[in-house]
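> Generate a structure from the sequence data that follows.
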Amino acid sequence: MMDSQEILKLILPTYLVEHFNITKVEELETKLHIYFEEKNDYANQCTERQLISKGFHSMITIEDFPLRGKSVKLHVQRRRWTDKQTGEIISRDWNIIAEGTRMTTEFSEFLKKIGRY
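Here you go, the predicted model:
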C-alpha cells in the first residue's frame, strides 16, 4: 500500500511534496487552499557553503488542477538563506509558475493541450 507522501505526489506537484511542508489546509465551499513552507534542508544539500536560514520570501499563490469540484490555490512560501562567508542571499530556483501566469507549470501545460481541441 502507498504511504501518504506517495498519494500526495499523485495529487500535488511532486517538488512541493518533497521540498515543502504543508502548514495549513482550508476547505471552503468552492475552493481548497493549501499552504506550503519550504523545508529548511538546503544547507544539508549545499555543503560547499555555510548557509544560515534567514526567513522567507513573500508568499505566492498559484492555481493548480481542481480537486473534487473545488478550485485549488497553492500558497507557497520560499525560504531564503545567507551565505555566512560572503553575505550573499541564496534561494532555490523553483520553476513553480508557468511564465506569464499564476498557474503551476503542469496545469498551464494541461490547459494549453486541451485548448487545441
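
> going forward, measure contacts and count neighbours with C-alpha atoms only.
Fine.

> so which strand or helix has residue 33?
strand 31-38 (DSSP states H and E).

> Centre of the chain to that strand, how far?
How far strand 31-38 lies from its chain's middle: 9 Å, per CA atoms, centre = their mean, to the nearest Å.

> Listing partners with orientation, what would you give for that strand?
Strand pairing for strand 31-38, using DSSP bridges, gives strand 20-27 (antiparallel), strand 70-77 (parallel).

> Which of those comes out lowest on mean pLDDT?
Averaged per stretch, pLDDT over those is lowest on strand 70-77, reaching a mean of 91.

> what's the following helix or strand after it?
Following strand 70-77 toward the C-terminus (DSSP H and E): strand 79-83.

> Give me the packing partners of that following strand, helices and strands only.
strand 51-56, strand 89-90 (3 or more CA pairs under 8 Å, 6 or more residues apart in numbering; DSSP states H and E).

> how far off strand 79-83 does the first one point, in degrees?
Between strand 51-56 and strand 79-83, the angle formed by their directions is 140 degrees, by axes from the mean of the first three to the mean of the last three CA atoms, to 10 degrees.

> and the spatially most central residue of the chain, what are its phi and psi?
For the chain, the residue whose C-alpha lies nearest the mean C-alpha position (CA atoms, centre = their mean) is residue 16; its distance is 4.2 Å. The phi/psi pair for residue 16 (degrees, to the nearest 10) reads phi -70, psi -40.

> Now residue 18, what are its backbone angles?
Torsion angles, degrees, to the nearest 10, at residue 18: phi -80, psi -30.

> That's all I had, so thanks and see you.
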